[in-house]
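Asks: For reference, the sequence and a predicted model appear below.
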Amino acid sequence: MIKIALIDDHIVVRSGFAQLLSLEEDIQIVGEFNSAAQAWPYLLKGGCDIAILDISMPDESGLSLLRRIRQVNADFKAIFLSIYDTNAFVKNAVDAGASGYLTKRCGPEELVRAIRTVYGGGFYLCADALKALRQTAVVPKELQMLTPREKEIFDLLINGLSAREIAEKLNLSHKTIHVHRANILAKLHCDSIVELVHFALEHQLLTEK
């Protein structure tokens, strides 16, 4: 069961998402909060697997709240659900440690997909967020060090697929994907998938799903 905390100062929005997510058999809403101050004590206890955060709240921004939480728990997972879709907001969210970013124009099916992706260890950006980031860019020289198979897996990793999903998609073993992933991280001097996504964001390498 994936335990979700919802943090949004608009009760209609928050209640709507809670009702929609409660229909999923593998998702449980374990907390609803209307402010960062209200959510802070609960989040410190680690009672949820993923927090769904709004960026704009009256007492403290979701970005600031996430930064504070990750100082205490570096593995804390959060998905931003916001009205904003500009390059700056998306990049700031990723820099704060977010594992996903969706705009409030996204449908409930995409929110569920993002939750499951993040819970499985992946990273998720909705199409609106990707459009804001997509620009013409020079391919970094580090990518030239990757083999064709590693480049293929790199593209899938930065677009949110888990190792298991990649294995199924490419008809390879789970162990083989883990070996390729380790080689990719080493060649690009990244310590985690989050850092790999930062690398992709910096070089505008993310593509629309």
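Replies: Happy to help now that I have it. Numbers count the residues shown, from 1 in each chain.
Asks: rest of the way, CA atoms for contacts and neighbours
Replies: Will do.
Asks: Assign Phe17 to helix, strand or coil.
Replies: helix (DSSP: H, G, I helix; E, B strand; the rest coil).
Asks: For it, give me its contacts.
Replies: Phe17 sits next to Pro108 when contact means Cα atoms under 8 Å, 6 or more residues apart in numbering.
Asks: per the record, what domains does the chain have?
Replies: 2-132, 141-202 (automatic domain parsing).
Asks: any idea which helix is longest in this protein?
Replies: Secondary structure of the chain per DSSP state H: the longest helix is helix 174-187.
Asks: tell me what it is packed against?
Replies: helix 148-158, helix 163-170 (3 or more Cα pairs under 8 Å, 6 or more residues apart in numbering; DSSP states H and E).
Asks: Quick check: which of those is buried the most?
Replies: Highest mean neighbour count among the helices and strands packed on helix 174-187 (mean count of other Cα atoms under 10 Å): helix 148-158, with a mean of 17.
Asks: Let's see that helix as CSV, backbone CA atoms only.
Replies: C-alpha atoms of helix 148-158 as CSV (Å, rounded to 0.1, in the frame of the first residue of the first chain):
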residue,chain,number,x,y,z
PRO,A,148,24.3,2.8,-27.6
ARG,A,149,22.6,0.5,-25.1
GLU,A,150,23.6,2.7,-22.2
LYS,A,151,22.2,5.8,-24.0
GLU,A,152,18.9,3.9,-24.6
ILE,A,153,18.7,3.1,-20.9
PHE,A,154,19.8,6.6,-19.9
ASP,A,155,16.9,8.1,-21.9
LEU,A,156,14.4,5.7,-20.2
LEU,A,157,15.8,6.4,-16.7
ILE,A,158,15.6,10.2,-16.9
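Asks: need the helix or strand of this structure with the lowest average pLDDT.
Replies: helix 127-133 (a mean of 80; mean pLDDT, DSSP states H and E).
Asks: In that one, which residues are buried?
Replies: 127-131, 133 (16 or more other Cα atoms under 10 Å).
Asks: What of stretch 75-88?
Replies: 76-82, 84-85, 87.
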